[in-house]
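>>> Output the structure for:
(chains A and B)
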There are 2 protein chains.
Amino acid sequence: MKQGKLYGVGVGPGNPELMTAKAIRVIRESAVIAAPQADTGGQTALAIAAAYIGGKPVLHCEMPMTRDRAVRDACHLQAADAICAQLDAGRDVALLTLGDPTVYSSCWYVLRRVAARGYATELVPGVPSFCAAAAALGRALCEDGEMLHIIPATHGAVEEALDLPGSKVLMKAGRSVLAVRDALAARGALEQAALIERCGMDGERIVTDLSALDRPAGYFSLILVKEERE
Amino acid sequence: MKQGKLYGVGVGPGNPELMTAKAIRVIRESAVIAAPQADTGGQTALAIAAAYIGGKPVLHCEMPMTRDRAVRDACHLQAADAICAQLDAGRDVALLTLGDPTVYSSCWYVLRRVAARGYATELVPGVPSFCAAAAALGRALCEDGEMLHIIPATHGAVEEALDLPGSKVLMKAGRSVLAVRDALAARGALEQAALIERCGMDGERIVTDLSALDRPAGYFSLILVKEERE
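Numbers count the residues shown, from 1 in each chain, chains lettered A, B, ... in the order given. Now for the predicted structure:
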């Protein structure tokens, strides 16, 4: 029997209309859908793609938000095993991921494991959250010779990163949003910054005056920092 | 008469199937298409979207690849004038752009001018070239707490940028590709790098051994530099 193929499919940032034609086709043509499940039970990628899944079987892959490497590895291994069982039965699997599968995607670790076992795999790119956030704000992310720095705000290098020349995106700002705001204020950069939460999803919030922030934001929050240019 | 609206539409990196459902809908619903035209005559964005344009009128907007600010400004002004004439006549205009309209997009300057004149505008995000390049290479762009730096290779800050911690994308590497290769070699980072030219377009080329490069690459070239991680 011919083995199935694993597709790592970016479903874009939230609005189902921002899925690519290829993502829609691959989901439609795959026999089985695999979708990450947060420890809160949330399945954002699955919800985005819901209209194209119909009655297909769905593998729910636990992806806890933890930095405990052993816990994460065990989850990735479990997901890879479940997916490989489907591939061995000759079924193609579409593993969904929010945004783009090459940008801070948990699904990447699963796909890499499956590929290392010799199965056919393919990554299907998607619109990353920061592009949708800039579009929602009506701003450019970067122009001309400007560098663009994508910075995971949860990993402690924020202060240093804010001093880099060019435009910045602070990803997953969530709990650290007030600290980032204060670091921006200390640099006189507050007016260059804007926050967007749950871009393209229910409960989208745009904050262009960060001095008004008085509480941490949710997990799906980005801060864009962009110099005004003529 | 009701004024038309201008959409800045990202058509993705090259493969028409990587257009979003929204980009396709907006192009279909717009009365007029505006498309950048390089000084070489190339109209890459128009070619990507060709299947959805049909017999609609197309405004060809000259976008020369020059750093001469006055020449560029004159082109942006001319494009904005032509687009506003259509908007005044009540027609919606879809201004196409390769990749994403917020990432080094010439069309952004045109849209900003039109918005400043008080017209309704909207940015429709697209898949940026670097996401498609990473997917084609079967690599992650960035993982975990790694920063990702997007660097315009044409603007002289490459050496400095290569010393930043994290993952890097060198955009529009083209003519400077051999210099970038030498700078990577001097840092012992050659094995972490790969070049992709015309990703998803006719003539796509992937070079994973940069030491074999013996000539400059074309305009649509990216170099990805990524530390291997466990």
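
>>> Tell me if I'm right that residue A:157 and residue B:147 touch.
Yes. Counting by Cβ atoms under 8 Å, residue A:157 does reach residue B:147; the two are 6.8 Å apart. From N, CA and C alone the C-beta is placed, and that goes for glycine too.

>>> ok, these two, which is more surrounded?
residue B:147 (21 against 16; other Cβ atoms under 10 Å in any protein chain shown).

>>> Now do the contacts for the nearest residue to the more buried one once chain neighbours are set aside.
Nearest non-adjacent residue to residue B:147, counting by Cβ to Cβ, 6 or more residues apart in numbering or on different chains: residue B:166, 3.4 Å away. Residues near residue B:166 by Cβ atoms under 8 Å, 6 or more residues apart in numbering or on different chains: B:142, B:146-149.

>>> Just the closest of these to residue A:118, please.
Distance to residue A:118 across the contacts of residue B:166 (Cβ to Cβ) is lowest for residue B:142, with 25.9 Å.

>>> That closest one: how many residues sit nearby?
Residues within reach of residue B:142, counting by other Cβ under 10 Å, total 25.

>>> show me the contacts for the closest residue in space to it that isn't next to it in sequence.
Of all residues not flanking residue B:142 in the chain, residue B:148 sits nearest, at 4.0 Å (Cβ to Cβ, 6+ apart). Going by Cβ under 8 Å, 6+ apart, residue B:148 touches A:103, A:149-150, B:141-142, B:166-169.

>>> rerun that using 7 Å as the cut-off
By Cβ atoms under 7 Å, 6 or more residues apart in numbering or on different chains, the contact set of residue B:148 is A:150, B:141-142, B:166-167.

>>> TSV for those residues, including pLDDT?
Listed next are the contacts of residue B:148 as TSV, based on pLDDT from 0 to 100:
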residue	pLDDT
A:150	96
B:141	96
B:142	95
B:166	94
B:167	96
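
>>> so residue A:67, which of the three states?
Three-state call for residue A:67 (DSSP: H, G, I helix; E, B strand; the rest coil): coil.

>>> For it, give me the pLDDT.
In this model, residue A:67 is scored at 80, pLDDT.

>>> From chain B, how far off is it?
8 Å (Cβ to the nearest Cβ, to the nearest Å).

>>> residue boundaries of the helices in chain A?
A:21-29, A:44-49, A:69-88, A:106-116, A:129-137, A:158-162, A:177-186 (DSSP state H).

>>> Endpoints of stretch A:164-178, how far apart?
End-to-end distance of stretch A:164-178 (Cα to Cα, to the nearest Å): 20 Å.

>>> Next, report how far it is displaced from the centre of its chain.
15 Å (Cα atoms, centre = their mean, to the nearest Å).

>>> How about stretch A:154-168?
19 Å.

>>> Buried residues in that stretch, which are they?
By neighbour count with 16 or more other Cβ atoms under 10 Å in any protein chain shown, stretch A:154-168 contains the buried residues A:154-155, A:157-158, A:161-162, A:164, A:166-168.

>>> tally of neighbours for the closest residue in space to residue A:137 that isn't next to it in sequence?
Nearest residue to residue A:137, sequence neighbours excluded (Cβ to Cβ, 6+ apart): residue A:194, at 5.5 Å. Around residue A:194 there are 20 other residues, counting by other Cβ under 10 Å.

>>> pLDDT score assigned to residue A:194?
94.

>>> Likewise for residue A:228?
Confidence score, pLDDT, at residue A:228: 69.

>>> hmm, back to that, now flag whichever of the contacts of residue B:148 is closest to residue B:50.
residue B:141 (28.8 Å).

>>> Quick one: residues contacting the closest one.
Contacts of residue B:141 by Cβ under 7 Å, 6+ apart are A:102-103, B:130-131, B:134, B:148, B:167.

>>> ok, which pair from those residues is furthest apart?
B:131 and B:167 (12.6 Å).

>>> would a markdown table of the contacts of residue B:166 with distance to residue A:109 be doable?
Formatted as a markdown table, the contacts of residue B:166 follow (distance: Cβ to Cβ, whole Å):
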| residue | distance to residue A:109 |
| --- | --- |
| B:142 | 13 |
| B:146 | 13 |
| B:147 | 19 |
| B:148 | 17 |
| B:149 | 22 |
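
>>> which residue sits closest to residue A:154, ignoring its sequence neighbours?
residue A:172 (5.4 Å).

>>> How about the residues of chain A by chain B?
A:12, A:17-22, A:24, A:100, A:102-104, A:108, A:123-128, A:131-132, A:134-135, A:138-143, A:145, A:147-152, A:155, A:157, A:161 (Cβ under 7 Å from any Cβ of the partner chain).

>>> got the end-to-end distance for stretch A:143-160?
22 Å.

>>> What of stretch A:187-203?
End residues of stretch A:187-203 are separated by 30 Å (Cα to Cα).

>>> which residues touch it?
Against stretch A:187-203 from outside (Cβ under 7 Å, 6+ apart): A:13-15, A:18, A:129, A:132-133, A:136-137, A:162, A:173, A:177, A:184, A:204-208, A:210-211, A:217-218, A:220-228.

>>> what's the neighbour count on the closest residue to residue A:75 other than its chain neighbours?
Counting by Cβ to Cβ, 6+ apart, residue A:75 lies nearest to residue A:62, which is 4.9 Å off, once chain neighbours are set aside. Neighbours of residue A:62 under the rule other Cβ under 10 Å: 16.

>>> Residue A:62 against residue A:40, yeah?
No. With contacts counted by Cβ atoms under 7 Å, residue A:62 stays clear of residue A:40, the gap being 11.3 Å.

>>> give the contact list for residue A:173.
By Cβ under 7 Å, 6+ apart, the neighbours of residue A:173 are A:153, A:180, A:195, A:217, A:221-223.

>>> Sort those residues by pLDDT and name the bottom one.
Out of these, that is residue A:217, at 76.

>>> Quick check, residue A:140 in contact with residue B:107.
No. Residue A:140 is not in contact with residue B:107 according to Cβ under 7 Å; the separation is 10.1 Å.

>>> Common neighbours of those two, please.
Contacts common to residue A:140 and residue B:107, judged by Cβ under 7 Å, 6+ apart, are absent.

>>> next one: stretch A:110-130 to chain centre, how far?
14 Å.

>>> Show me what counts as buried in that stretch.
Within stretch A:110-130, judged by 16+ other Cβ under 10 Å, the buried ones are A:110-115, A:119, A:121-130.

>>> Next, the distance between the ends of that stretch.
Stretch A:110-130: ends 23 Å apart by Cα to Cα.

>>> cool, stretch A:84-97 as well?
Span of stretch A:84-97 from end to end, Cα to Cα: 18 Å.

>>> Average pLDDT for it, rounded please.
98.

>>> what residues does it touch?
Taking Cβ under 7 Å, 6+ apart as the rule, stretch A:84-97 contacts A:1-11, A:26-27, A:29-36, A:45-46, A:49, A:83, A:105, A:107, A:110-111, A:114, A:117, A:119.
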